[in-house]
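**Q** Give the three-dimensional model of this entry:
(chains A and B)
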Number of protein chains: 2
Amino acid sequence: MSDLNSGFSLGLVGVGKIARDQHLPAIAATTNCHLIAAADPKASLPDVPVYGALGAMLDAHPDITAVSICTPTHLRYSQARLALLRGKHVLLEKPPGATLSEVESLISLAAEQGVSLFAAWHSRFAPGVAQAKKWLVERQVQRVKIEWKEDVRVWHPGQTWIWQPGGMGVFDPGINALSIATVILPQPFFLRQARLLVPSNAQTPIAADLSFADPTGVEIEAAFDFRQSGPPIWDIHIDTDGGRLSLTQGGCRLEIDGQLVNEAEEREYPELYARFAELIASGISEVDVAPLRQVADAFLYGRREVTDAFIE
Amino acid sequence: MSDLNSGFSLGLVGVGKIARDQHLPAIAATTNCHLIAAADPKASLPDVPVYGALGAMLDAHPDITAVSICTPTHLRYSQARLALLRGKHVLLEKPPGATLSEVESLISLAAEQGVSLFAAWHSRFAPGVAQAKKWLVERQVQRVKIEWKEDVRVWHPGQTWIWQPGGMGVFDPGINALSIATVILPQPFFLRQARLLVPSNAQTPIAADLSFADPTGVEIEAAFDFRQSGPPIWDIHIDTDGGRLSLTQGGCRLEIDGQLVNEAEEREYPELYARFAELIASGISEVDVAPLRQVADAFLYGRREVTDAFIE
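**A** As a prediction, this is how the structure comes out:
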């Protein structure tokens, strides 16, 4: 176990929208995480050198002990593999891969290499999530309703990859809801039925209605929709034998029986980096594939219906 | 560890085509497996009582220690759960579930209950498979080509469920090829690209072209096709640094560099029951989800193209 206080030196891989919006500010706010360099074929940054490729970055900076991978999903496996083979700890943006099989392969490799692999489900670090989980563990869940609706034109402008295979369509935000539900609900759950609405000019769904059940038969209904107009809805409502829990605003607001219990500004990415630091210091990995598995199950088992073409 | 020689008492759940074609003859040929009863809302059998439901069968025959589940995929989870909760060992026909998440849940439950759960990938018991695996472990694989082509009208007459969500289309036989490839290849592999041809009146593909890679970059190409006319092709060819291995006829025929090494009549299901008996006697489970995970990955990450309607 290394000394957490001494911190770790990080290389950032992929300097796109999510890296600039979230990772760079979060890294700057994490005192024991020191950004040394980045890798991106196109980007530049004011304070650190940016290399055209991950290998070149690692060659130039042998002091890098961890990398954070924020590239498009289909590139992540080979980059993570390279970093793990060079003995680096790895944080993977969500989802941790384009397929489940490649993520399994990375889990094995990280274990062989004795380094930490972290599948970063950022929504799990929303302010109300930990408290919701704690409250639910002592209750009997009776019914769950998830609504995750946002205007794709507002939240994903110009992101045409989202409509391509692997882009996951409305499951790109929907997987955030699933990452919360899979961690706060005391029982595992699995798909019973799904309807996926796929635009005639897209590969991935613009909306999905999902019915899950847990082993005791509790119904979990989820509605994901990219066609929302007006403010987004990112809500989970859970009826229990001890009252109703509502985790809304993407996990920022927690109400129990209509009483506000917690409302805080989200700082998911700083929490993510704090957790990554803990994992590195403790020498452990944290890769929960459950959210991605739920999405794969929906693609495997859902009924597809063609809907209107999507024109941005 | 119980005494293997004393055998075990079995209840058969779901007396459809696969149960009659394969399970009943295999059970009859397995000396330490004693069929006591069956459960099926419609079927009857000459030698054992058939109950309308699994629960009724277990109530009437507390001496049943294991069940074999051969019902349609979407029914298997709740039946397996019931049997596991009642302390029975469970064999699941392939695929082990409609979704990956439900199979994970069963794995946990079997461990909690201290009973054996067996996901029965019958093709892994084809005569040439074990020898192919043994030969490959000492070789460097260079290239893999899988062809799995059969006439759906001949091999799946009237099986309309195959075109529905969860029916998996051409992956219903294709998963057999994947169950062999995932066990004989020395490295894990994962999808890089897939093209799924879906009839305009179906939910599931009639053909699929799949490109996989292993961690070292070895290419694995698979072509699945239900539109085959004439004899089926169920072949896997593997080029290595020590020559070419060909496992053909669904695993019944093994050639190395054109020399016949093994050719035998298949007795997959008797082998399956022999393995189930071993697992029960040893108190262990064997549930490899890798083949189903590969199929889910193909549905998640594959590109769909619409093709001609399928009219049987």
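**Q** Can you pull out the low-pLDDT segments for chain A?
**A** For chain A, the stretches with pLDDT under 70 are A:1-6.
**Q** what residues does the stretch 101-250 of chain A put near chain B?
**A** For the stretch 101-250 of chain A, the residues in contact with chain B (Cβ under 8 Å from any Cβ of the partner chain) are A:101-102, A:104-105, A:108-109, A:165-166, A:168, A:188-191, A:194, A:203, A:215. Where you see a C-beta, it was placed from the backbone N, CA and C, and this is true even at glycine.
**Q** hmm, 7 Å instead?
**A** Listed as neighbours of chain B in the stretch 101-250 of chain A under the rule Cβ under 7 Å from any Cβ of the partner chain: A:101, A:102, A:104, A:105, A:165, A:166, A:188, A:190, A:191, A:203, A:215.
**Q** got a winner among those residues for most neighbours?
**A** Looking at these with neighbours defined as other Cβ atoms under 10 Å in any protein chain shown, the largest count falls to residue A:102 at 27 neighbours.
**Q** before we move on, the earlier item: now for the residues of the stretch 101-250 of chain A next to chain B: which two are most distant?
**A** Spatial extent of these (Cβ to Cβ) is set by the pair A:203 and A:215 at 32.9 Å.
**Q** Now residue A:164. Nearest residue, chain neighbours left out?
**A** In space, residue A:164 comes closest to residue A:203 once its chain neighbours are excluded; the distance is 5.7 Å by Cβ to Cβ, 6 or more residues apart in numbering or on different chains.
**Q** how far does stretch A:179-197 stretch from start to finish?
**A** Between the start and the finish of stretch A:179-197 there is a gap of 22 Å, counting by Cα to Cα, to the nearest Å.
**Q** Next, the buried residues of it.
**A** By 16 or more other Cβ atoms under 10 Å in any protein chain shown, the buried positions in stretch A:179-197 come out as A:179-185, A:188-197.
**Q** and if you look at stretch A:163-178?
**A** A:163, A:165-178.
**Q** Residue A:19: which of the residues you listed is nearest?
**A** The shortest distance between residue A:19 and any of those, using Cβ to Cβ, involves residue A:172 and amounts to 16.5 Å.
**Q** part of a helix, is that closest one?
**A** Yes. Following the definition DSSP: H, G, I helix; E, B strand; the rest coil, residue A:172 is counted among the residues of a helix.
**Q** My guess is it contacts residue A:163. True?
**A** No. Applying Cβ atoms under 7 Å, one finds residue A:172 not in contact with residue A:163, separated by 10.2 Å.
**Q** May I see the residues of the stretch 101-250 of chain A next to chain B organised as JSON lines, with secondary structure added?
**A** Written out in JSON lines, the entries for those read as follows (three-state DSSP):
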{"residue": "A:101", "secondary structure": "helix"}
{"residue": "A:102", "secondary structure": "helix"}
{"residue": "A:104", "secondary structure": "helix"}
{"residue": "A:105", "secondary structure": "helix"}
{"residue": "A:165", "secondary structure": "coil"}
{"residue": "A:166", "secondary structure": "coil"}
{"residue": "A:188", "secondary structure": "coil"}
{"residue": "A:190", "secondary structure": "strand"}
{"residue": "A:191", "secondary structure": "strand"}
{"residue": "A:203", "secondary structure": "coil"}
{"residue": "A:215", "secondary structure": "coil"}
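**Q** how near is residue A:84 to chain B?
**A** If you measure residue A:84 against chain B using Cβ to the nearest Cβ, to the nearest Å, the figure is 10 Å.
**Q** cool, and residue A:18?
**A** With distances defined as Cβ to the nearest Cβ, the gap from residue A:18 to chain B amounts to 20 Å.
**Q** Just the helices from the stretch 51-200 of chain A, written as ranges.
**A** A:54-60, A:73-85, A:100-113, A:129-136, A:152-155, A:171-184 (DSSP state H, counting those that start in this stretch).
**Q** can you tell which of these is closest to residue B:97?
**A** Proximity to residue B:97, assessed across these by Cβ to Cβ, is greatest for helix A:100-113 (14.4 Å).
**Q** Which neighbouring elements make contact with the closest one?
**A** Under the contact definition 3 or more Cβ pairs under 7 Å, 6 or more residues apart in numbering or on different chains; DSSP states H and E, helix A:100-113 sits against helix A:73-85, strand A:117-119, helix A:290-301, strand B:190-199, helix B:290-301.
**Q** got the buried residues for that helix?
**A** Applying a neighbour-count criterion of 16+ other Cβ under 10 Å, one finds A:100, A:101, A:102, A:103, A:104, A:105, A:106, A:107, A:109, A:110, A:113 buried in helix A:100-113.
**Q** Need the contact partners of stretch A:289-309.
**A** Outside stretch A:289-309, the residues within contact range by Cβ atoms under 7 Å, 6 or more residues apart in numbering or on different chains are A:95-96, A:100, A:103, A:121, A:168, A:171, A:175, A:178-179, A:182, A:190-191, A:194-201, A:206, A:208, A:210, B:98-101, B:165-166, B:203, B:295-297, B:299-300.
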